[in-house]
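Quick check, what structure comes out for this input:
(2 chains)
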Amino acid sequence: MIIKKEQEQILNYLEDASNLKGGKAESVFIPENEEEVVEIVRECSAKKLPLTISAGGTGVVGGRIPFGGAVLSTERLNKVIEINDRGKYAILQAGVVIDDFLKELSERCLFYPPFPTERSAFIGGNVATNASGEYSFKFGCTRRYVRRIKVVLSSGVVVEIRRGEVIARHGFLRIPSTDIEFKIPDYRMPDIMKNSAGYYSSADMDLIDLFIGSEGTLGIITEVEVNVIEQLPDIFFCAVFFESSQDTFSIVRELKAKKDILDLLCLEYFDSNSLYYLKEFYPRVPDAAEGCILVAARMSSDGSLDMWDELLSKYNPVDNWFGDSEKHKEELYGFRHKLPEIVNDIIRKNNRPKISTDIAVPEAKFWQMNDFYCERLSSSGLKHVIFGHIGECHLHVNILPENEEELERAKELYFEFAGKGIALGGTVSGEHGIGKRKHHFLKMMYGEEGIKEMGRIKNAIDRNCILGIGNIFTKE
Amino acid sequence: MNIIVCIKQVPETAEIRIDEKTNTLVREGVPAIINPFDTYALEEGIRIREKCGGGVTVLTMGPPQAEQALREAIAMGVDSGVLLSDKAFAGSDTLATSYALSRAIRQMGRFDLVICGKQAIDGDTAQVGPGIAEMLGIPFIAYVRKIEEIREGYIRAERLMETGYQIIEMSLPSLITVVKEINEPRLPSLRGMLKAKKTNISVWDVEKLGGDTGRFGLDGSPTQVIRIFTPEPRKGGEILQGAVEEQVAALIERLKETKLV
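Predicted coordinates:
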């Protein structure tokens, strides 16, 4: 085990992709096996020392940033224990880097469907946050692929939970080989494609689902077993630019209706403001474009491109960029990822925080939500972009305030959007999670009572209340 | 304006393997791409057509699978493609390649501008572009980084130099080779992909080119490759240990041994 105490050596662990400031820790533990994890947890429990779990640091809500206490980094628990070609599953230690995992799979012509965009993420972090990824439109989130996890509880007990083995009965769940039993929450989760807000809850819920997405507040995941599938051949990417947002939205409707026929993996959207900012770096973005979609799909047969061409031409596209070679796909992928980078640069220059929403709503309410965004944003006069996972009814609104007054108005708007999203049956967090940033939105969503229910579960499992302090719950 | 763009299909890797017996590239198992410098030539050709009208033909010489490179160029927006493929072309050096390409260009009839990438990433010779111009008896500008003006019978371009650039005026028909500063190559379009799948690629053999048969392929190649090899990676060097005085003494000793002092 490595223990770092020098502040200089632990600076890395005090930040992540959230830009959240003020992280501090007295030490960082880097265990090399499960026994060492148990040892660390026991020690922290005995001292009632807060313990924050650190994975790849790609999170955007400050989940791994400690505010006091110690950090446990899973970086050395990085072995791929087994890849089973026939059974189509893989067993991994929590600190396996997604990129490494994907490469190993690819050598065996296998693939991990919910892989996140940030491939430096760890599998353990992905499970702890129920991460979603580039192809979640087709494949859904991490949760769906987790078969088994091994968790070290704050008591030091190691529990193995296999999907299907521990199901809630009469509203209660019991953790095997412990005396821990608790009531499952009464609140129900919204019926949507993606949700990363708070603890999972459903009447006949599986214990494994409580841990998936619990953001390091219930236990330390040390090992996971996930489903894998055969590699996907013949995928192409295509960015299509349209003259009007109406055409853009119309084609989105048709593509969603034909999702399966077209074998769509990903359906992303950029509004005209996004294109305006992107044009500086991609001069080829057509001047006339008011909206853009980026799709990834399978080229299932020789005729499938003809089908695509016919479909696109109904909506007056002004241009399209196609890529089926690795190089061209990477370029298109880079186009998608340039936008958040540009936004972050502007934010840094403005020296004001980014107001960035993560609201997802049910399919039937999506256009209502979208109209609400457009109307409120255009009347606000605030600089903004709307982009993201339109396939999953999950657009990100980023507001770019230039002064204090604008920042205040941007925050108010965010509250309005969250309120609207909840009223329409959606979630305040489709993928980013709650972390240390979005407690108030979680409360809006599940109410005071919902938070208390989660708190009771937290206290039942993490009795000394040391794990992931500040995540999901405020300190109190 | 009739534009001809010459391209080459090259292996997509920096780790090129060489067959020690034949001194040629091992192509098996290595994905092939359009020589990256040639994608700038294609883009510039398409841009000139977009501005001045006319057509762009892409030309390459290579084994039958080089047809794929032509289809990729068509997907970007080129109008048609010609592949020179014949066993008689095998073993061509830059001289024989320039000859074959120049013969093909003659066969294509009237043209205004030939565009090549500055060099191929596998051979790195930068000889074929200028070689074609010489054989066609037309003027050329190598290393063009910007076309300032182009119209019927006239081109003015900036040529990249080591210490700046030159502005050169030239009559058409002529040839340019381009550097990557000149543009940002576009991605293919869906329509382009469809067109690429459906377009017939003309395949020309040695007979079609006419000319002096002794100047094609191995017979027309005065270059003799004696050996091609991957250089040994540089060794890690030696770090002297000990106190400063000891290290200095050791260093002087070593320099004397190697007769550097």
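
What are the neighbouring residues in contact with the nearest residue to B:Leu218 once chain neighbours are set aside?
Computed as C-beta to C-beta, 6 or more residues apart in numbering or on different chains, the closest residue to B:Leu218 that is not its neighbour in sequence is B:Gly91, at 3.4 Å. For every residue, glycine as well, the C-beta is placed using N, CA and C. Contacts for B:Gly91 (C-beta atoms under 8 Å, 6 or more residues apart in numbering or on different chains) come out as B:217-218, B:221.

helix/strand/coil for B:Gly91?
What DSSP: H, G, I helix; E, B strand; the rest coil gives for B:Gly91 is coil.

Next up, phi/psi of it, please.
phi 80, psi 10 (degrees, to the nearest 10).

Let me know the distance separating it from chain A.
29 Å (C-beta to the nearest C-beta, to the nearest Å).

May I have the predicted confidence score for that residue?
On pLDDT, B:Gly91 comes in at 88.

Can you give me the pLDDT of the closest residue to B:Ser202 other than its chain neighbours?
Nearest residue to B:Ser202, sequence neighbours excluded (C-beta to C-beta, 6+ apart): B:Val82, at 4.9 Å. With respect to pLDDT, B:Val82 scores 97.

Report the beta-bridge partners for B:Val82.
B:Leu59, B:Ser202 (DSSP bridges).

Number of residues surrounding it?
22 (other C-beta atoms under 10 Å in any protein chain shown).

Now do the contacts for it.
B:57-60, B:70, B:104, B:108, B:201-204.

let's see 7 Å
B:Val82 is in contact with B:57, B:59, B:104, B:202, B:204, counting by C-beta atoms under 7 Å, 6 or more residues apart in numbering or on different chains.

and it, how far is that from A:Ile457?
From B:Val82 across to A:Ile457, the span is 71 Å (C-beta to C-beta, to the nearest Å).

Repeat that for B:Thr258.
Counting by C-beta to C-beta - B:Thr258 and A:Ile457 are separated by 73 Å.

Which of these two has more residues huddled nearby?
Ranked by neighbour count (other C-beta under 10 Å), B:Thr258 and A:Ile457 place A:Ile457 first, with 21 against 8.

Now do the same for the spatially closest residue to that one that is not a sequence neighbour: helix, strand or coil?
Residue nearest to A:Ile457 in three dimensions, not counting chain neighbours: A:Phe182, with 5.3 Å by C-beta to C-beta, 6+ apart. Using three-state DSSP, the secondary structure recorded for A:Phe182 is strand.

so what's A:Phe182 up against?
A:172-173, A:456-457, A:460.

In terms of pLDDT, where does it sit?
pLDDT, read off for A:Phe182, is 97.

again, but for B:Lys21
At B:Lys21, pLDDT is 74.

Against A:Val61, how distant is it?
Applying C-beta to C-beta to B:Lys21 and A:Val61 gives a distance of 60 Å.

neighbour-wise, which of the two wins?
A:Val61 (24 against 6).

Now name the helix or strand holding the nearest residue to the more buried one once chain neighbours are set aside.
With sequence-adjacent residues excluded and distances taken as C-beta to C-beta, 6+ apart, A:Val61 is closest to A:Gly435, at 2.7 Å. Under the criterion DSSP states H and E, no helix or strand holds A:Gly435.

still on that earlier bit, which one (most neighbours) among the contacts of B:Gly91?
B:Gly217 (21 neighbours).

Okay, it and B:Tyr99: tell me how far apart.
Distance from B:Gly217 to B:Tyr99, by C-beta to C-beta: 10 Å.

now for the helix or strand where A:Leu312 lies, which elements pack on it?
Taking DSSP H and E as the criterion, A:Leu312 maps to helix A:304-313. Helix A:304-313 makes packing contacts with helix B:190-198 when contacts are defined by 3 or more C-beta pairs under 7 Å, 6 or more residues apart in numbering or on different chains; DSSP states H and E.

and the helix it packs on with helix A:304-313, angle?
Counting by axes from the mean of the first three to the mean of the last three C-alpha atoms, to 10 degrees, helix B:190-198 lies at 150 degrees to helix A:304-313.

Alpha carbons of helix B:190-198, as CSV, please.
Output of helix B:190-198 as CSV, limited to C-alpha atoms (Å, rounded to 0.1, in the frame of the first residue of the first chain):
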residue,chain,number,x,y,z
LEU,B,190,-23.1,10.9,-47.5
ARG,B,191,-23.8,11.7,-51.2
GLY,B,192,-20.1,11.4,-51.9
MET,B,193,-20.0,8.0,-50.3
LEU,B,194,-23.0,6.8,-52.4
LYS,B,195,-21.3,8.2,-55.5
ALA,B,196,-18.0,6.5,-54.6
LYS,B,197,-19.7,3.2,-54.3
LYS,B,198,-21.4,3.5,-57.7
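
re earlier: tell me how far the residue nearest to A:Ile457 lies from B:Ile46.
66 Å.

What's opposite whichever residue of the stretch 101-250 of chain A sits closest to chain B in the beta bridge?
With C-beta to the nearest C-beta as the measure, A:Cys238 is the residue of the stretch 101-250 of chain A nearest to chain B, at 6.1 Å. Here A:Cys238 sits in beta bridges with A:Val295, A:Phe322, as judged by DSSP bridges.

So which residues on chain A come close to chain B?
A:238, A:284, A:305-306, A:308-309, A:312, A:320-323, A:328, A:331 (C-beta under 7 Å from any C-beta of the partner chain).

re the thing from before, among the contacts of A:Phe182, name the buried ones.
Neighbour counting with 16 or more other C-beta atoms under 10 Å in any protein chain shown marks A:173, A:457 as buried within those.
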